[in-house]
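# need a structure here:
(chains A and B)
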Amino acid sequence: MANDQTLVASAASDDPRKGLRAVRALRELADRLETLQVERARSLGWSWQEIADVLGVSKQAVHKKFGRRI
Amino acid sequence: MFEQFTKEARGVVVDAQTVARSLHTRTIDTRHLVVALCESDGGTARAALEAVGVSPAALAGAVRADLASTGLDADALAAVGIDLEEVRRTTDATFGAGALEGVAGRGRGARKHIPFTPDAKKTLELSLREAIRLGSKGINSGHLLLGILRSRTPATPVVEEALRTAGVDAPALRTAAEQQSRPA
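Got it, this is the predicted structure:
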């Protein structure tokens, strides 16, 4: 994957295109991981409130996002 | 605008949504329209592509590959120090093999309605303009193809590559599409 050279170069890069693309990729990855973790927590018997507390959002927010499917 | 679409063009728009759903993309952009156009049975656009030697199946395959690669952007993640391969190893271990890929579309993007991106809307508007310009009563898939060729969209690089491979340029394809779209 990225060696130190490219990491340093990217971190120092002030090209908005690179930065924005990274943000988008992070969001996509975070969304997927969130779905996997919430699904698993529910299957292990976690309540919506417990999940919401750890995610730092309201119970309503997490239920609205995942309640229909899980 | 939609009422001006012929049955053929309407089918392409509906199929674009099916393509988006099957590839778990959150939006429908011009690339989805290209895939739907190329994979439809017959139609004006396919005839135009074949007339200039571009294989609709090959173009659809190339665009599908392009769409599939835009989900998890390994290069962009590497740029901020995240090794996607490493992430995948841990998710495979915890959630089962392929979990990170399989979860796409189950998250926020799992809505029933998949929205069109501004570029896809623009493409549809441009195809209406093409139909008017050519004096057609309705928008057919040939006009859609002309709309696709008219502005720069996420589909443009893949379409250009397909044209290069076939040894033709965009004006040639445009001429073919106009010929096929003209009212008999």
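# Tell me the buried residues in the worst-scoring helix or strand of chain B on mean pLDDT?
When the helices and strands of chain B are scored by mean pLDDT, DSSP states H and E, helix B:99-102 comes last with a mean of 81. Of all the residues in helix B:99-102, those buried under the rule 16 or more other Cβ atoms under 10 Å in any protein chain shown are B:99-100. The way it works is simple: take the backbone N, C-alpha and C, and place the C-beta from them, glycine included.
# How about the contacts made by residue B:50?
By Cβ atoms under 8 Å, 6 or more residues apart in numbering or on different chains, the contact set of residue B:50 is residue B:56.
# Can you check what pLDDT the model gives residue A:7?
pLDDT, residue A:7: 46.
# So for the chain, the centremost residue is which one?
Using chain A. residue A:30 (1.9 Å; Cα atoms, centre = their mean).
# wrong chain, I was asking about chain B
Note: chain B centre (Cα atoms, centre = their mean) maps to residue B:31, 2.0 Å.
# Burial check on residue 43, number of neighbours?
Going with chain A. 9 (other Cβ atoms under 10 Å in any protein chain shown).
# if you could check chain B rather than the one you did, that'd help
So residue B:43, with other Cβ under 10 Å, has 24 neighbours.
# wouldn't residue B:78 be in contact with residue B:87 here?
No: judged on Cβ atoms under 8 Å, residue B:78 makes no contact with residue B:87 at a distance of 11.1 Å.
# of these two, who's got more company?
residue B:78 (20 against 17).
# what about chain A, any weak spots by pLDDT?
For chain A, the stretches with pLDDT under 70 are A:1-13, A:68-70.
# Please disregard the earlier target; I meant chain B.
In chain B, residues with pLDDT under 70: B:69-70, B:105-112, B:183-184.
# Could you list the residues of it in contact with chain A?
B:71-74, B:76-87, B:91, B:94-95, B:99-100, B:103-104, B:106-110 (Cβ under 8 Å from any Cβ of the partner chain).
# that older thread, can you give me the offset of the least confident helix or strand of chain B from its chain's centre?
Here helix B:99-102 is found 23 Å from its chain centre; the criterion is Cα atoms, centre = their mean, to the nearest Å.
# Same question for stretch A:48-68.
14 Å.
# Check stretch B:134-142 too.
Distance, centroid of stretch B:134-142 to centroid of chain: 20 Å (Cα atoms, centre = their mean).
# top helix in chain A by residue count?
In chain A, taking DSSP state H as the definition, the longest helix is helix A:16-43.
# hang on, the residue nearest to the centre of chain B packs against residue B:67?
Yes: under the contact definition of Cβ under 8 Å, residue B:31 touches residue B:67, with a separation of 5.5 Å.
# Just list the residues touching residue 36, thanks.
Chain wasn't specified; assuming chain A. B:91, B:94-95, B:99-100, B:103.
# wait, chain B
So, once contact is read as Cβ under 8 Å, 6+ apart, residue B:36 ends up touching B:11-16, B:18-19.
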